[in-house]
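Enquirer: I'd like to go over a predicted model; first the sequence, then the structure.
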Amino acid sequence: MNDIKRMTRQRKKILEVIKNTNNHPKADWVYDQVKKEIPNISLGTIYRNLNYLVKKEKIKKLNFGSSSSRYEGNSGLHYHFRCKECGKLFNINIDIGNLKSINKIKKESKFDIGYHRLEFYGICSDCK
Ligand SMILES: [Zn+2]
Ligand SMILES: [Zn+2]
């Protein structure tokens, strides 16, 4: 297999792993999953491909405070809920109608707002 083909295969697998989970995985989790199919892949390759996929906007990189970055393949608009007990990150899909106020902020402020963040914290149903 030539280099380009190998790269493509690795990248495809990484993308597939991220698209198929709702867990907002960290790089080392992705590494463990991809390794099952491509045993000789290195963590460095995983990071390189993750960065590439983020740059190409195939996946999103999420940063939460001091913990290492998480990645996700769900490109739809949604927010996150983080459990203070187990640290898990959940998707919250909210009705688009509730975003009116955010559009209003965009319109009425003089700022060219590119994106916004909104995060919810509490206790998940498993930890309750
Ligand atoms: Zn929890
Ligand atoms: Zn998410």
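Expert: Perfect, I can see it now. Ligands and ions are numbered 1, 2, ... in the order given.
Enquirer: what about this structure, any weak spots by pLDDT?
Expert: Applying pLDDT under 70 to the chain picks out residues 1, 65-66, 95-100.
Enquirer: contact partners for residue 40?
Expert: Counting by CB atoms under 8 Å, 6 or more residues apart in numbering, residue 40 touches no other residue. All C-beta spots, glycine's among them, are computed from the backbone N, C-alpha and C.
Enquirer: if I look at it, how far off is ligand 2?
Expert: Counting by CB to the ion, to the nearest Å, the gap from residue 40 to ligand 2 is 31 Å.
Enquirer: tell me the secondary structure at that residue.
Expert: Classification of residue 40 using DSSP: H, G, I helix; E, B strand; the rest coil returns coil.
Enquirer: CA atoms only for the longest helix along the chain, dumped as PDB, please.
Expert: Taking DSSP state H as the criterion, the chain has its longest helix at helix 3-19. Extracted C-alpha coordinates of helix 3-19, given in PDB (Å, rounded to 0.1, in the frame of the first residue of the first chain):
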ATOM      1  CA  ASP A   3       1.600   6.300   1.700                       C
ATOM      2  CA  ILE A   4      -1.400   8.200   0.400                       C
ATOM      3  CA  LYS A   5      -3.700   5.100   0.400                       C
ATOM      4  CA  ARG A   6      -2.600   4.200   3.900                       C
ATOM      5  CA  MET A   7      -3.200   7.800   5.100                       C
ATOM      6  CA  THR A   8      -6.600   7.800   3.500                       C
ATOM      7  CA  ARG A   9      -7.500   4.500   5.200                       C
ATOM      8  CA  GLN A  10      -6.400   5.700   8.600                       C
ATOM      9  CA  ARG A  11      -8.200   8.900   8.300                       C
ATOM     10  CA  LYS A  12     -11.400   7.200   7.100                       C
ATOM     11  CA  LYS A  13     -11.300   4.900  10.100                       C
ATOM     12  CA  ILE A  14     -10.700   7.700  12.500                       C
ATOM     13  CA  LEU A  15     -13.600   9.700  11.100                       C
ATOM     14  CA  GLU A  16     -15.800   6.600  11.200                       C
ATOM     15  CA  VAL A  17     -15.000   5.900  14.900                       C
ATOM     16  CA  ILE A  18     -15.800   9.500  15.800                       C
ATOM     17  CA  LYS A  19     -19.000   9.600  13.700                       C
END
